[in-house]
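# Compute the structure for the input listed below.
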Amino acid sequence: MRRDGALRGLTVDDGTVWLWNVRHRHPDCRTVLALRRAERPHALLRLVFREAPGRAVAGFTMGRHEVLAVDGGWLNLDEPGVVRRFLDAAVARGLVPTANGVREEDGRPLFDELTADGG
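Have a look, this model is predicted:
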């Protein structure tokens with residue numbers, strides 16, 4: 001099992017290397033997927049998934065970094081293919097910062113988009 005927050009790499013079609021990690025945080029029970037280009041390590045996008053009615057994040061009876069909606073949809077943020085789908089959706093929406101700094105976004109709209117076809 002990977003250490004929580006361990007940095008991982010993902011190379012996309014154009015050769016760009018992306019660094020990413022996933023962490024689960026408390027006290028407000030949230031799971032955070034962080035994405036950044038390797039050549040711009042200080043331009044960080046954080047997709048935040050919080051507990052909400054009908055929405056759950058990793059915890060008892062679930063895997064370490066899973067997010068789900070009770071009415072449908074489940075994704076494991078430890079899977080590189082899932083991270084790639086979030087990355088592609090974030091890039092398409094212009095969410096990835098190009099200058100140094102941290103941009104924090106609610107990850108649920110992207111989750112809903114990615115699970116609209118059943119996951």
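# Would you enumerate the residues in contact with Val32?
22-25, 46-49 (CB atoms under 8 Å, 6 or more residues apart in numbering). Using the backbone N, CA and C atoms, a C-beta is placed for each residue, glycine as well.
# ok, those vs Asp106, which is closest?
Nearest to Asp106, judged by CB to CB, of the contacts of Val32 is Val48 at 6.1 Å.
# rewinding a little: which of the contacts of Val32 count as buried?
By neighbour count, with 16 or more other CB atoms under 10 Å, the contacts of Val32 hold 22, 24, 46-49 as buried.
# quick one, strands of this structure?
With DSSP state E as the criterion, the chain has strands at 8-11, 17-25, 30-37, 43-50, 55-57, 66-69, 74-76, 101-106.
# Mind checking those for the one nearest to Arg85?
Ranking the strands of the chain by distance to Arg85, with CB to CB as the measure, places strand 74-76 first at 8.2 Å.
# Tell me how far that closest one lies from the chain's centre.
The chain centroid and the centroid of strand 74-76 are separated by 10 Å under CA atoms, centre = their mean, to the nearest Å.
# Also stretch 67-82?
With CA atoms, centre = their mean, you get 10 Å for stretch 67-82.
# For that stretch, buried residues please.
67-69, 73, 75-78, 82.
# export these to JSON lines and tack on pLDDT and distance to Val96?
JSON lines is the format used below for the buried residues of stretch 67-82 (pLDDT from 0 to 100; distance: CB to CB, whole Å):
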{"residue": "Val67", "pLDDT": "81", "distance to Val96": "20"}
{"residue": "Leu68", "pLDDT": "65", "distance to Val96": "25"}
{"residue": "Ala69", "pLDDT": "74", "distance to Val96": "24"}
{"residue": "Gly73", "pLDDT": "84", "distance to Val96": "23"}
{"residue": "Leu75", "pLDDT": "89", "distance to Val96": "19"}
{"residue": "Asn76", "pLDDT": "89", "distance to Val96": "22"}
{"residue": "Leu77", "pLDDT": "90", "distance to Val96": "17"}
{"residue": "Asp78", "pLDDT": "90", "distance to Val96": "21"}
{"residue": "Val82", "pLDDT": "94", "distance to Val96": "17"}
